[in-house]
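> Compute the structure for the input listed below.
(one chain, ligands or ions: 3)
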Amino acid sequence: MNKQAPPLAADRTQLSVGLGDRSYDIVIGPGLLAESGARIAALRPGARIGIVTDSNVADRHLGVVEASLREAGLTPTPILVEPGEKSKCFAVFEQVVDALLAARIERRDLLLALGGGVVGDLAGFAAAALRRGVDFVQAPTSLLAQVDSSVGGKTGINSRHGKNLVGAFHQPILVLADTGALDTLPLREFRSGYAEVAKYGLIDNAPFFGWLERRWEAVFRGGAERIEAIATSCASKAAVVSRDEKETGDRALLNLGHTFGHALEAGAGFSQRLLHGEAVAVGMAQAFRFSAAQGLCATADAERVETHLRTVGLPTRIADIPGALPDTDGLMDLIAQDKKVSRGALTFILARGIGQSYIARDVDPAQLRAFLEEERRGR
Ligand SMILES: NC(=O)c1ccc[n+]([C@@H]2O[C@H](COP(=O)([O-])OP(=O)(O)OC[C@H]3O[C@@H](n4cnc5c(N)ncnc54)[C@H](O)[C@@H]3O)[C@@H](O)[C@H]2O)c1
Ligand SMILES: O=C(O)C(=O)C[C@@H](O)[C@H](O)[C@H](O)COP(=O)(O)O
Ligand SMILES: [Zn+2]
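Residues are numbered from 1 along each chain as shown. Ligands and ions are numbered 1, 2, ... in the order given. Okay, here's the model as predicted:
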């Protein structure tokens, strides 16, 4: 049994999320799934590992992970869920927890979330709840999960009242982002994850947004630019999470585009009609248009955001979403369930310009309603 994590190869980037005695590493680079056993055994030798994954990821990547875990003296039990956002629900959560209990995963064992953000959020919440808390490792396999959802400890599921409304803050003990796994990710899913990459530029890193405008094709092709984009995104997220783990302050900036986006996702029934990153792309374009309409930011900045998102093939308008959506009242009701709402007052992430996002508390519902009416008319 190998109890030593492999040394860091030249093509690996390692970052840390600083949270005192709950700090953890994010390791980024190709081939990490094949090393997952050695790296996990170094943290928890001899453990039983409940691997939560979905059937798409299992078909492509579970074999190498299971072999690596066994090689390192760990005992894996795979638990498969259906791919897609609909698996972030009470019924699937119950199935996963039951399967983990049936496999006798104990408090000192581990869960491994192998997949995209759906698996990460679901498995993380199962880890938070199982026997009142079991440690877990994130092995993100989608771009979105590698740049965002695997870091920071937000876990949870959706409810009929809206997105991510039931969950827990539960940090992983390690994140292994195998960039080679992205070679099997469908283009639409890659684009969806790219929306969250662009988000970091729009929040507070205008030079990164400019770099993405110039280099996005190389990021999509793979290689050094892709790894650089992932590492820059993780570094941004790690810094915010270290400062404000439970979103009492500026972690809310990571929600740019999400107040609109989550309402649209719920309105589309958490279906394949609108992926999370696509909803965030529409939501970010809306946040900039709303900011411009309020005279907070230049119209040229809102147009620049929309141009870049459309250039990479992301939606930016309600009209881009196929099928029916709730009317303005319905969208306002969904927005009222947003977790940033405080004593009924609406909070949005708005922008004074690219890289100059800020938390706007007490957004006027009448102005929001008027804006949504215009957006729904496609203007
Ligand atoms: N916790 C957080 O901080 C956080 C942050 C952002 C998003 N999220 C959540 O993440 C979810 C979206 O994550 P996502 O975009 O990864 O969706 P996802 O988990 O549904 O994965 C996208 C699709 O790609 C497939 N897939 C994943 N990796 C693959 C690979 N390597 N090869 C082939 N197919 C692969 C999956 O099976 C799925 O069909 C949403 O539920 C969102 O709310 C959470
Ligand atoms: O980590 C965060 O904080 C984020 O807001 C990241 C978002 O990209 C992510 O979609 C998150 O799950 C949204 O959080 P929520 O608190 O609005 O559910
Ligand atoms: Zn998101």
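> Count the residues that sit near residue 337.
Other residues within reach of residue 337, judged by other C-beta atoms under 10 Å, total 15. Using the backbone N, CA and C atoms, a C-beta is placed for each residue, glycine as well.
> Show the contacting residues for the nearest residue to it once chain neighbours are set aside.
Spatial nearest neighbour of residue 337, excluding adjacent residues (C-beta to C-beta, 6 or more residues apart in numbering): residue 162 at 4.2 Å. Listed by C-beta atoms under 8 Å, 6 or more residues apart in numbering, the contact set of residue 162 reads 262, 263, 266, 334, 337, 338.
> per-residue confidence for residue 162?
With respect to pLDDT, residue 162 scores 91.
> can you tell me how far it sits from residue 255?
According to C-beta to C-beta, to the nearest Å, residue 162 and residue 255 sit 14 Å apart.
> cool, residue 169 as well?
Distance of residue 169 to residue 255, given as C-beta to C-beta: 15 Å.
> and the residue lying closest to residue 253 once chain neighbours are set aside, what are its phi and psi?
Nearest residue to residue 253, sequence neighbours excluded (C-beta to C-beta, 6+ apart): residue 203, at 5.0 Å. Main-chain dihedrals, residue 203, degrees, to the nearest 10: phi -70, psi -60.
> before we move on, what about residue 104?
phi 60, psi 40.
> what about the residue lying closest to it once chain neighbours are set aside, neighbour count?
Take residue 104 and drop its neighbours on the chain: the residue closest to it by C-beta to C-beta, 6+ apart is residue 48, 7.2 Å away. Applying other C-beta under 10 Å, we find 19 residues neighbouring residue 48.
> again, but for residue 163
Applying other C-beta under 10 Å, we find 24 residues neighbouring residue 163.
> Please state the mean pLDDT value computed over the helix or strand containing residue 216.
Using DSSP states H and E, residue 216 falls within helix 206-221. Across helix 206-221, the average pLDDT comes to 98.
> Now do the helix or strand following that helix, average pLDDT.
Sequence order places helix 224-243 as the next helix or strand after helix 206-221, per DSSP H and E. Here helix 224-243 scores 97 as its mean pLDDT.
> just stretch 260-278 next, same as before
Rounded mean pLDDT across stretch 260-278 is 97.
> Please report how far whichever residue of the stretch 251-379 of the chain sits closest to ligand 1 lies from residue 109.
When scored by C-beta to the nearest ligand atom, the stretch 251-379 of the chain has residue 276 as its residue closest to ligand 1, at 3.9 Å. Per C-beta to C-beta, residue 276 is found 30 Å from residue 109.
> who has more neighbours, these two?
Per other C-beta under 10 Å, whichever of residue 276 and residue 109 has more neighbours is residue 276, with 26 against 22.
> for the protein, which spans come out with low pLDDT?
Along the chain, segments meeting pLDDT under 70 span 1-4, 379.
> Show me what residue 138 is bridged to.
Using DSSP bridges, the bridge partners assigned to residue 138 are residue 113, residue 175.
> center of this protein - which residue?
Among the residues of the chain, the one closest to the centroid is residue 149, at 2.9 Å (C-alpha atoms, centre = their mean).
> Can you pull the phi and psi angles for the closest residue in space to that residue that isn't next to it in sequence?
In space, and not counting its chain neighbours, residue 149 is closest to residue 117: 3.5 Å by C-beta to C-beta, 6+ apart. Main-chain torsions, residue 117, degrees, to the nearest 10: phi -70, psi -30.
> returning to what we had before: residues near the residue nearest to residue 253, how many?
Using other C-beta under 10 Å: residue 203 sits among 26 other residues.
> Over to the one 3 residues further on?
Using other C-beta under 10 Å, residue 206 has 15 neighbouring residues.
> circling back to that earlier point, isn't the residue of the stretch 251-379 of the chain closest to ligand 1 right up against residue 120?
No: using C-beta atoms under 8 Å as the test, residue 276 is too far from residue 120 to be in contact (11.7 Å).
> circling back: now do the helix holding residue 216 and helix 224-243, the angle between them.
Angle, helix 206-221 to helix 224-243, by axes from the mean of the first three to the mean of the last three C-alpha atoms, to 10 degrees: 130 degrees.
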